[in-house]
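**Student:** What follows is a protein structure lacking sequence information:
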């Protein structure tokens, strides 16, 4: 900071562009006979609390004023108060919503954290719903999200580190982990990567952060991170030794490291008894495999009808095929995505008409018109619905991309194209790596039966080790 109060005040006025920004408030007051100025963002401060603090400050007399800012800090009737001489830190705090006070004759700026952000309620997220369990969810404010995790893990072993990234945005990033259970080497790697991020802003929140944390093999579509909007899921992952990353302005928590077996788990598995939870998990895994194999296998059998056993003759297309089957599948793959995009951008009041149009026009009429065969519509309907059985949107699209590749290869090279598509699919999984550097198929590679069984089956909660 500068030598005089006026120099400090002018510097902050110029840096914050007070005269140009209507929402950055600066007011000159007198505290104990000394000139003072305070700065804050309109809408980020709790008005009632700031009014009480200002009443205390403006009520001080000259004889009551301490000689240093540290002395006044000890008198302030507020919990979160800090001092700073660094203008970069002061500016960052003001832009984050902290109340900054400059007082004549003091070498430090007083920072009073009374901020409050506009936030919605912690209602159950639309995507991660469960039949049982808690109905709260993460919101866009990182402090609220860390509190939801703290509420579930009342342990001194829980650590919440606050970092930031983005030259312009200075986005807050919280690392949550259990100190005695986390992989310390992996934790250091993630911390160093976040600290070394050289970007102007995390414009897409977690996706921008994910692309900065994992820069290699971007062309492999299988997800390297798992996302959840449920605090109970995030807390469970922390207790298992994983790292949770919370990004300000995002209602999702990033879970890492994760393997493909972790992607098929969801909260409902643990809110039901072990037998039911195991059934749900295995069903989800089986359906995920079927979404890849159903349409390419059907196309291959239609190219070679003599391979079909007599008992399965009913799967053969009975009507005339006006459009080649491969083009029917590819058009429907695109049409399904078009319906998804339409559903996302359709107002709630128009969702019913959209459903009726999709069912009648794209369903019944498209078959009657001869564009599509009923069998093709049936299998693609199964694939479209089955994609919603697992919680990861990214995993569904990864399987979709390789399913399309297999369809094209099967249409061109028949049996050997079908085999090549499967080999390419499994090669993409095997060659993929988690953020920690381990195999994407861990604990299958390297094999660990205990962890494999816990990934595939739901067991009773283990007793705590005293």
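**Tutor:** Sure, I can see it. Computed from a prediction, not measured in an experiment: that's the story for all the values here.
**Student:** from here on, contacts and neighbour counts on C-alpha atoms
**Tutor:** Will do.
**Student:** Can you check the pLDDT for residue 452?
**Tutor:** Looking at residue 452, its pLDDT is 84.
**Student:** Please identify the helix or strand for it.
**Tutor:** Residue 452 belongs to helix 449-456 when assigned by DSSP states H and E.
**Student:** Report the distance from that helix to the chain centre.
**Tutor:** Centroid separation between helix 449-456 and its chain, computed with CA atoms, centre = their mean, to the nearest Å, is 26 Å.
**Student:** cool, and stretch 236-244?
**Tutor:** Its chain's C-alpha centre and that of stretch 236-244 lie 15 Å apart, by CA atoms, centre = their mean.
**Student:** Then stretch 326-341?
**Tutor:** The gap between where stretch 326-341 is centred and where its chain is centred comes out at 27 Å by CA atoms, centre = their mean.
**Student:** list the buried ones in it?
**Tutor:** 326, 328-329, 332-333, 336 (16 or more other CA atoms under 10 Å).
**Student:** Secondary structure, distance to residue 376 and pLDDT for those - can I get that in CSV?
**Tutor:** Below are the buried residues of stretch 326-341 laid out as CSV (DSSP: H, G, I helix; E, B strand; the rest coil; distance: CA to CA, whole Å; pLDDT from 0 to 100):
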residue, secondary structure, distance to residue 376, pLDDT
326, helix, 10, 94
328, helix, 7, 91
329, helix, 7, 93
332, helix, 9, 89
333, helix, 11, 91
336, helix, 13, 85
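**Student:** Just the residues contacting stretch 325-342, thanks.
**Tutor:** Stretch 325-342 has contacts (CA atoms under 8 Å, 6 or more residues apart in numbering) with 295, 299, 358, 371-372, 376, 380, 384, 404, 407-408, 411.
**Student:** hmm, which of these are the buried ones?
**Tutor:** When the contacts of stretch 325-342 are checked for burial by 16+ other CA under 10 Å, the buried set is 295, 299, 372, 376, 380, 384, 404, 407-408, 411.
**Student:** So which of those residues is the closest to residue 343?
**Tutor:** Of all these, the one with the least separation from residue 343 (CA to CA) is residue 384, at 13.7 Å.
**Student:** tell me the contacts of the closest one?
**Tutor:** Contacts here follow CA under 8 Å, 6+ apart; on that basis residue 384 touches residue 336.
**Student:** contacting residues around residue 308?
**Tutor:** By CA under 8 Å, 6+ apart, residue 308 lies in contact with residue 301.
**Student:** can you tell me how far the nearest residue to residue 406 once chain neighbours are set aside sits from residue 208?
**Tutor:** Ranked by CA to CA, 6 or more residues apart in numbering and with sequence neighbours excluded, the top spatial neighbour of residue 406 is residue 421, at 4.4 Å. Here the criterion is CA to CA, to the nearest Å. By it, residue 421 lies 31 Å from residue 208.
**Student:** With neighbour numbers in mind, choose between these two.
**Tutor:** residue 421 (22 against 13; other CA atoms under 10 Å).
**Student:** would you say the more buried one is within a helix?
**Tutor:** Yes: with DSSP: H, G, I helix; E, B strand; the rest coil as the criterion, residue 421 is assigned to a helix.
**Student:** List the contacts of it.
**Tutor:** Neighbour list for residue 421: 402-403, 405-406, 409-410 [criterion: CA under 8 Å, 6+ apart].
**Student:** so who does residue 456 touch?
**Tutor:** Shown here is residue 456, whose contacts under the criterion CA under 8 Å, 6+ apart are 261, 278, 281-282.
**Student:** Run a quick neighbour tally on residue 314.
**Tutor:** Applying the criterion other CA under 10 Å, we find 9 residues in the vicinity of residue 314.
**Student:** can you confirm it is in a helix?
**Tutor:** Yes: secondary structure of residue 314, determined by three-state DSSP: located in a helix.
**Student:** Tell me the spacing between it and residue 286.
**Tutor:** Counting by CA to CA - residue 314 and residue 286 are separated by 23 Å.
**Student:** Next: residue 178.
**Tutor:** Relative to residue 286, residue 178 is positioned 33 Å away (criterion: CA to CA).
**Student:** okay, those two: which has more neighbours?
**Tutor:** In terms of neighbours (other CA under 10 Å), residue 178 is the more surrounded of residue 178 and residue 286; the figures are 21 against 11.
**Student:** Touching, the more buried one and residue 154? I think so.
**Tutor:** No: when contacts are counted by CA atoms under 8 Å, residue 178 is not listed as touching residue 154 (11.2 Å).
**Student:** Look up how far residue 185 lies from residue 460.
**Tutor:** Using CA to CA, one obtains 30 Å as the distance from residue 460 to residue 185.
**Student:** ok, now residue 48?
**Tutor:** The value you get for residue 48 to residue 185, if CA to CA is used, is 46 Å.
**Student:** Also residue 202?
**Tutor:** Following CA to CA, the distance that separates residue 202 from residue 185 is 25 Å.
**Student:** Neighbour count for these two, which is higher?
**Tutor:** A direct count of neighbours by other CA under 10 Å for residue 202 and residue 185 places residue 202 higher, at 21 against 10.
**Student:** give the contact list for the more buried one.
**Tutor:** Residue 202 sits next to 165-166, 169, 171, 208-209 when contact means CA under 8 Å, 6+ apart.
**Student:** Mind telling me what element it is part of?
**Tutor:** Short version, using DSSP H and E: residue 202 is in no helix or strand.
**Student:** Same check on residue 145?
**Tutor:** Taking DSSP H and E as the definition, residue 145 sits inside helix 142-152.
**Student:** Of all the residues in that helix, which ones are buried?
**Tutor:** 142, 145-146, 148-150.
**Student:** List the buried residues for stretch 373-388?
**Tutor:** Buried-residue list, stretch 373-388, by 16+ other CA under 10 Å: 373-377, 380, 383-384, 386-387.
**Student:** didn't residue 237 look like it was pressed against residue 255?
**Tutor:** Yes: the pair residue 237 / residue 255 is scored as a contact, 7.4 Å apart, by CA under 8 Å.
**Student:** shared neighbours, these two?
**Tutor:** Both residue 237 and residue 255 are contacted by 243-244, under the criterion CA under 8 Å, 6+ apart.
**Student:** if we can go back for a sec, of the contacts of residue 202, just the buried ones, PyMOL syntax please.
**Tutor:** Entered in PyMOL, the line below selects the buried ones among the contacts of residue 202, by 16+ other CA under 10 Å:
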select buried, resi 165+166+171+209
